[in-house]
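# with the input below, show me the fold.
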Amino acid sequence: MNLDIVKNKLIPEIQSFRPDLIIISAGFDAHEDDPLAQMRVSSDCYGKMTSLILKTAKEVCNGRLMSMLEGGYNLEALSHCVTEHLKVLKDDTWTVFVSPLLEKLTVCGLNSNCIPPP
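Numbering: from 1, shown residues only. Below is the predicted model of the structure:
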């Protein structure tokens, strides 16, 4: 997926609106290996989208950003997408809380690199 839509449409809209908080509905079913959406978004692209939105959140709303896992139906692709998404958030000076559900999924083998809950 080309990031042009995020860079040239979504980010300018966020900058114009200047929300108090940005909420990411982190659904990963547009992944190239997911059987539903067939939108061909790579795991790396999800990380880049997260980075762009995080940077914009810092500019417009003091970095207030919340992300909630929504879905993805190819479990291997989902684990890669969540990893990319959390890497971006983790590498910043943010407190990242991983829900007990994600911890359970981690134990089931989706992603051994997830950030443990506090």
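# when you work out contacts or count neighbours from here on, use the C-alpha atoms and nothing else.
Noted.
# just the mean pLDDT for stretch 81-93, thanks.
Mean pLDDT, stretch 81-93: 81.
# quick check: buried residues in that stretch?
Cys81, Val82, Thr83, Glu84, His85, Leu86, Lys87, Val88, Leu89, Lys90 (16 or more other CA atoms under 10 Å).
# for the residues you listed, which one is nearest Cys61?
The nearest member of these to Cys61, counting by CA to CA, is Leu89 at 16.0 Å.
# against Leu21, how distant is the closest one?
Relative to Leu21, Leu89 is positioned 16 Å away (CA to CA, to the nearest Å).
# Asp29 too?
The value you get for Asp29 to Leu21, if CA to CA is used, is 24 Å.
# and the average pLDDT for stretch 11-24 is what?
Rounded mean pLDDT across stretch 11-24 is 94.
# how long is that stretch from one end to the other?
This stretch, stretch 11-24, spans 13 Å end to end (CA to CA).
# the strands in this structure, which residues?
Taking DSSP state E to define them, one finds strands in the chain at 22-27, 65-71.
# count of residues packed around Glu32?
18 (other CA atoms under 10 Å).
# give me the neighbour count for Glu13.
Neighbourhood size, Glu13 [other CA under 10 Å]: 12.
# now do the contacts for the most centrally placed residue in the chain.
Centrality entry for the chain: nearest residue to the mean C-alpha point is His85, 4.0 Å, by CA atoms, centre = their mean. Residues near His85 by CA atoms under 8 Å, 6 or more residues apart in numbering: Tyr46, Gly47, Thr50.
# from those residues, which land in helices?
Tyr46, Gly47, Thr50 (DSSP state H).
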